[in-house]
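[1] Need the 3D shape of this:
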Amino acid sequence: MAKYRRGDVRNERRLKAAGWEVVYKKSGKRFWRDPHTGEVRVEDAVLQLLHHEEVRMLREGGWEPTEVEGYTYWRRPGSGRLYPQDVAAGIVQGENKAGSGREEGV
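    The predicted structure follows:
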């Protein structure tokens, strides 16, 4: 399982792209509202859900996880290029929506 830093800008972009909405409580703590159920959750739990959803989506798309120096990258079908999970998931989502993807890789 990947480790996430709460409040990370990259994670915030991923969550917003997946439809999650940030919610600030009176205490100043940040939570996230589920786009499907409206349920409000803590960021760590939401990141775990997003991680599992991205893994499912990548596997269904034919991507394969590959370990490189202790980090997991995803091998793009066809080109064999390696991408970090969030980038690979963005490519798959872009292909599903627009029929095109990016060509940057490790």
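
[2] from here on, contacts and neighbour counts on C-alpha atoms
    Noted.

[3] Settle this for me: R30 is touching R41, isn't it.
    No: assessed by CA atoms under 8 Å, R30 is found out of contact with R41, at 9.3 Å.

[4] List the contacts of stretch 40-55.
    The contact list for stretch 40-55 (CA atoms under 8 Å, 6 or more residues apart in numbering) reads 4, 6, 11, 15, 23, 30-34, 85-86, 89.

[5] Which pair of those residues spans the longest distance?
    Using CA to CA, the contacts of stretch 40-55 reach their maximum pairwise distance at V23 and Q85, which is 25.3 Å.

[6] So which of those two has more stuff around it?
    Q85 (19 against 15; other CA atoms under 10 Å).

[7] which residues are contacting stretch 9-23?
    By CA under 8 Å, 6+ apart, stretch 9-23 touches 4, 30-35, 40, 47, 50, 86.

[8] at 7 Å instead, please
    With contacts defined as CA atoms under 7 Å, 6 or more residues apart in numbering, stretch 9-23 is touched by 30-35.

[9] among these, which one has the lowest pLDDT?
    Lowest in pLDDT among the contacts of stretch 9-23 is R30, which has 91.

[10] In contact with it, which residues?
    Neighbours of R30 in contact, by CA under 7 Å, 6+ apart: 22-24.

[11] Now do the strands in this protein.
    Remark: strands assigned in the chain by DSSP state E are 21-24, 30-33, 40-42, 64-68, 71-75, 82-84.

[12] Just the buried residues of the fifth one, please?
    Within strand 71-75, the residues scored as buried using 16 or more other CA atoms under 10 Å are 72-75.

[13] one step back: Throw the contacts of stretch 40-55 into a markdown table and include distance to P65, thanks.
    What follows is the contacts of stretch 40-55, written out as a markdown table (distance: CA to CA, whole Å):
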| residue | distance to P65 |
| --- | --- |
| Y4 | 18 |
| R6 | 24 |
| N11 | 20 |
| L15 | 21 |
| V23 | 33 |
| R30 | 31 |
| F31 | 30 |
| W32 | 28 |
| R33 | 29 |
| D34 | 27 |
| Q85 | 9 |
| D86 | 13 |
| A89 | 12 |
